[in-house]
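Undergrad: Pasting the sequence and the predicted model now:
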Amino acid sequence: AQKVTQAQTEISVVEKEDVTLDCVYETRDTTYYLFWYKQPPSGELVFLIRRNSFDEQNEISGRYSWNFQKSTSSFNFTITASQVVDSAVYFCALSEATGRRALTFGSGTRLQVQP
Amino acid sequence: NAGVTQTPKFQVLKTGQSMTLQCAQDMNHEYMSWYRQDPGMGLRLIHYSVGAGITDQGEVPNGYNVSRSTTEDFPLRLLSAAPSQTSVYFCASSYSIRGALAKNIQYFGAGTRLSVL
């Protein structure tokens, strides 16, 4: 069975601080995908990134960066110089590469960025 | 390009009533799915479909029915609503390329907030 753990329920930072959201996963599959989604206060789910299990390169997109480490089964998400607009709930998710390909979500981390 | 469209956005039902949550996508995606979101639990899969005419159960299917008569539409039916079905429901879709290189990026609708009294 697959499992995703986001141990940080809520994080509060002041604008311009860097913040890292942790994600630890469990799976028996050798090929799988990891995702991050953002859910702003308006409620929709916004896709941020997908990572294949065989690609451990870290990725940077503007102020966002992701650190994937298979050795520790972690896929952490860092926001540099946080902004108020980053306030949202962030979900880490895991899916099989074939078959049902359903997303298994973590319980989410609520990020509050104070001005 | 509307993406994934869910209707209605909000709904209040009485226990025992039935209703259908609509989901439509205009991206020609083969794969569609329904999730429910409850506080502190992330999203959980209810039902999914890998193509027209094919559906299967997810993690929490009890109390829900689905059908997939067209590629575009994937309605979710509650036959007899219960207070435990109070939740936010999300529909998602993605391409379905078979094999290890499947894209599998699921795009979500805006959600339907359902309250069952």
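TA: Thanks, I have it.
Undergrad: Give the burial count for B:F90, as a bare number.
TA: Other residues near B:F90 come to 26 when the count uses other Cβ atoms under 10 Å in any protein chain shown. Every residue, glycine included, has its C-beta placed from N, CA and C.
Undergrad: Confirm for me that it is in contact with B:F108.
TA: Yes - the pair B:F90 and B:F108 passes the contact test of Cβ atoms under 8 Å, sitting 5.1 Å apart.
Undergrad: Now do the shared contacts for the two.
TA: A:L45 (Cβ atoms under 8 Å, 6 or more residues apart in numbering or on different chains).
Undergrad: Now the closest residue to chain B within chain A: closest residue in space that isn't a chain neighbour?
TA: Proximity of chain A to chain B (Cβ to the nearest Cβ) peaks at A:F105, 3.5 Å away. Leaving aside its chain neighbours, A:F105 sits nearest to B:G42 (3.5 Å; criterion: Cβ to Cβ, 6 or more residues apart in numbering or on different chains).
Undergrad: check contacts around that neighbour.
TA: So B:G42 contacts A:V4, A:F91, A:A93, A:F105, A:G106, A:S107, A:G108 (Cβ under 8 Å, 6+ apart).
Undergrad: residue ranges for the strands of chain A, please.
TA: A:3-5, A:10-14, A:19-21, A:24-26, A:32-39, A:46-52, A:59-61, A:64-69, A:74-79, A:88-96, A:103-105, A:109-114 (DSSP state E).
Undergrad: Kindly report the same for chain B.
TA: B:4-7, B:10-13, B:19-25, B:31-37, B:43-51, B:54-57, B:64-66, B:76-78, B:87-94, B:107-108, B:112-116.
Undergrad: and the third one, is it in reach of chain A?
TA: So the one you mean is strand B:19-25. No - counting by Cβ under 8 Å from any Cβ of the partner chain, chain A has no neighbours in strand B:19-25; the shortest distance is 13.7 Å.
Undergrad: contact partners of that strand?
TA: Counting by Cβ under 8 Å, 6+ apart, B:3-8, B:11, B:13, B:32, B:34, B:72-78, B:81, B:89, B:91, B:93, B:107, B:109, B:112, B:114 sit against strand B:19-25.
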